[in-house]
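Novice: with the input below, show me the fold.
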Amino acid sequence: MQRVMIIGQPGSGKSTLAGQLGDKTFLHVIHIDLIHWTSGWVERAAQEKSAMTLDVIAKPTWIFEGGHSRTWPQRLDRADTLIWLDLPLGLRLRRVLWRTIKHYGRSRPDLPEGCPEQFSAEFLSYIWRTRHTSRANMRALYDGAPADKTKYHLTSPAAVRRFLDGLSDAVAIGNLGIPHR
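Specialist: This next block holds a predicted model:
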């Protein structure tokens, strides 16, 4: 486990899982929102996001969470591990609302400075509108991943906990090829 690609729809827990994995493996964590947005919720141009993403995945080790699906093929090509967080819509919506309340008026750690958390009907609408198409795209990526990739399809918070518990055990016995610090 040297290059980990985490995908999932909004509120699935990608940033949280990436941080937890980074803590356990000492791999550098990259949040797509730090590439996607600049201060003031200004979206970067697609070409700039792609170039930044390709620069990151050229590195020897990383945990990369999030979208910008136009670079998924390149990310998957470089990744040795693919994790798909495929959690129910209701749970994801509750999580998005909770994190909005929790961080309201402040930038979350996985966002650039100057992007204060705010209620956004547009974002909730996006989650609703893309619930089927986005999931289908993730399903296709996951199902089409080459056999040499280690894949995890996690569909509940309990499955995520079991995955992390198993990872802790594997790291403890030095079974992941991760250098200890």
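
Novice: from Arg129, how far out is Thr25?
Specialist: Counting by Cβ to Cβ, to the nearest Å, the gap from Thr25 to Arg129 is 35 Å. For glycine as for every other residue, the C-beta is placed from the backbone atoms N, C-alpha and C.

Novice: end to end, how far does stretch 106-120 reach?
Specialist: For stretch 106-120, the first and last residues are 14 Å from each other (Cα to Cα, to the nearest Å).

Novice: so in terms of bridging, what pairs with the most centrally placed residue in the chain?
Specialist: Geometric centre of the chain, nearest residue: Glu65, 2.5 Å, by Cα atoms, centre = their mean. Beta bridges link Glu65 to Ile6, His31, judged by DSSP bridges.

Novice: could I get the contacting residues of it?
Specialist: Residues counted as contacts of Glu65 (Cβ atoms under 8 Å, 6 or more residues apart in numbering) are Ile6, Ile7, Lys14, Ser15, Leu17, Ala18, Val29, Ile30, His31, Ile32.

Novice: at 7 Å instead, please
Specialist: Listed by Cβ atoms under 7 Å, 6 or more residues apart in numbering, the contact set of Glu65 reads Ile6, Lys14, Ser15, Ala18, His31, Ile32.

Novice: what is the burial count for Lys151?
Specialist: 15 (other Cβ atoms under 10 Å).

Novice: without its sequence neighbours, what residue ends up closest to it?
Specialist: Distances taken as Cβ to Cβ, 6 or more residues apart in numbering place Leu82 nearest to Lys151, at 4.9 Å, with adjacent residues excluded.

Novice: thought that neighbour was touching Leu76?
Specialist: Yes - shown here, Leu82 and Leu76 form a contact pair, counting by Cβ atoms under 7 Å, at 6.5 Å.

Novice: just list the residues touching the residue nearest to Trp41 when sequence neighbours are not counted, thanks.
Specialist: Using Cβ to Cβ, 6+ apart and skipping residues adjacent in sequence, the residue nearest Trp41 is Cys115, 5.3 Å away. Cys115 makes contacts with Trp37, Ser39, Trp41, Ser107, as judged by Cβ under 7 Å, 6+ apart.
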